[in-house]
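In: just to be clear, the model below is a prediction. Sequence and coordinates:
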Amino acid sequence: MRNILIVARKEIQEGLRNRWVLATTLLLAGLALSLTFLGSAPTGTVGVRALDVVIVSLSSLTIFLLPLIALLISHDAIVGEMERGTMLLLLSYPVGRWQVLLGKFLGHLSILAFATLLGYGAAAGALAATGAEIDAESWIAFATMIGSSIMLGAAFIAVGYLVSALVRERGTAGGIAVGIWLVFVLIYDMALLGMLVVDQGQILSGSFLNALLLLNPADAYRLFNLTGSAGVSAFSGMAGVAQSATLSPPVLLAALAAWALVPLALAALAFSRREL
């Protein structure tokens, strides 16, 4: 465990030197505050809306932004170190490859978690400072959204590690990472929506639709947050999909966890068999 924590600390220190922590925190905080303060502009009043509406806005932001950040900080975690020659030096110490991989994962996840907590926390703090009435259910939904956002980031960090363990060049890893982001965040849902329109509920219903939704961590995250509470689902427009999919929150959380653990295990396996 000590070796894992040492590697994790190394990744965090490198993130601080490369300004990853500052950049991601400022980006998330800036966008979150913008959504919070300008959310009521269409109604003619500049201010903040209820926390439930902010959760819907931040959840949509998370689906687009957090996977991209996660892939950008993880796609070269292995292949980049090997190209620079630092991986060979690191493995010359009494540390296993799985410990290096897990330590890097914890370090990158810590960076992403810190940026998410601080960035989105700023939005909640700004909302509370206005004196808006926020009930306990909304606070629980907001805290759940932050926790599941970190899980979504962990899933895409693990996917980035799998890519980094399989390819031979850093540029190739970057291109594949962008392609993965496009598929999971944009193309997959567009294709699924088109299939639903054409199918008219004949085949894509029930368990088959559930399986298709669970095959995309972004969809699992979206369903978990936008249908998790009555107040949030009233603004999200996802209630109908949730009723058709019949996926419970524990199942959606388990899917997010699996999307983090399975690619990470496959990355560890690929890294253990890779020649330096």
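Out: Structure's in. What do you need?
In: tell me the contacts of Ser74?
Out: His108, Phe156, Ile157, Ala158, Val159, Gly160, Tyr161, Ser164, Ala177 (C-beta atoms under 8 Å, 6 or more residues apart in numbering). Backbone N, C-alpha and C define where each C-beta goes, glycine included.
In: from Val163, how far off is it?
Out: Separation of Ser74 from Val163 (C-beta to C-beta, to the nearest Å): 8 Å.
In: give me the common contacts of those two.
Out: Between them, Ser74 and Val163 share these contacting residues under C-beta under 8 Å, 6+ apart: Ala177.
In: flag the shaky bits of the protein, pLDDT-wise.
Out: Scanning the chain for pLDDT under 70 picks out the ranges 38-50, 52, 131-133, 201, 203-206, 228-246, 276.
In: what about 50?
Out: 40-49 (pLDDT under 50).
In: can you pull out the helices in it?
Out: Assigned helices in the chain, in chain order: 2-17, 20-38, 51-74, 79-84, 86-91, 97-129, 136-166, 170-182, 188-199, 207-214, 217-226, 230-236, 239-245, 249-272 (criterion: DSSP state H).
In: which of the contacts of Ser74 sit farthest apart?
Out: Longest distance between any two of the contacts of Ser74 is 13.2 Å, between His108 and Ala177; criterion C-beta to C-beta.
In: CA atoms of stretch 14-33 as PDB?
Out: Listed next in PDB are the C-alpha coordinates belonging to stretch 14-33 (Å, rounded to 0.1, in the frame of the first residue of the first chain):
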ATOM      1  CA  GLU A  14       3.100  16.300 -11.400                       C
ATOM      2  CA  GLY A  15      -0.400  17.500 -11.800                       C
ATOM      3  CA  LEU A  16       0.300  20.500  -9.700                       C
ATOM      4  CA  ARG A  17       3.500  21.300 -11.700                       C
ATOM      5  CA  ASN A  18       1.600  20.900 -15.000                       C
ATOM      6  CA  ARG A  19      -1.200  23.100 -13.700                       C
ATOM      7  CA  TRP A  20      -3.800  20.300 -14.300                       C
ATOM      8  CA  VAL A  21      -5.300  20.700 -10.900                       C
ATOM      9  CA  LEU A  22      -5.600  24.500 -11.200                       C
ATOM     10  CA  ALA A  23      -6.900  24.300 -14.800                       C
ATOM     11  CA  THR A  24      -9.600  21.700 -14.200                       C
ATOM     12  CA  THR A  25     -10.700  23.400 -11.000                       C
ATOM     13  CA  LEU A  26     -11.100  26.800 -12.500                       C
ATOM     14  CA  LEU A  27     -12.800  25.400 -15.600                       C
ATOM     15  CA  LEU A  28     -15.400  23.400 -13.600                       C
ATOM     16  CA  ALA A  29     -15.900  26.300 -11.200                       C
ATOM     17  CA  GLY A  30     -16.300  28.900 -13.900                       C
ATOM     18  CA  LEU A  31     -18.800  26.800 -15.900                       C
ATOM     19  CA  ALA A  32     -20.700  25.700 -12.800                       C
ATOM     20  CA  LEU A  33     -21.000  29.300 -11.600                       C
END
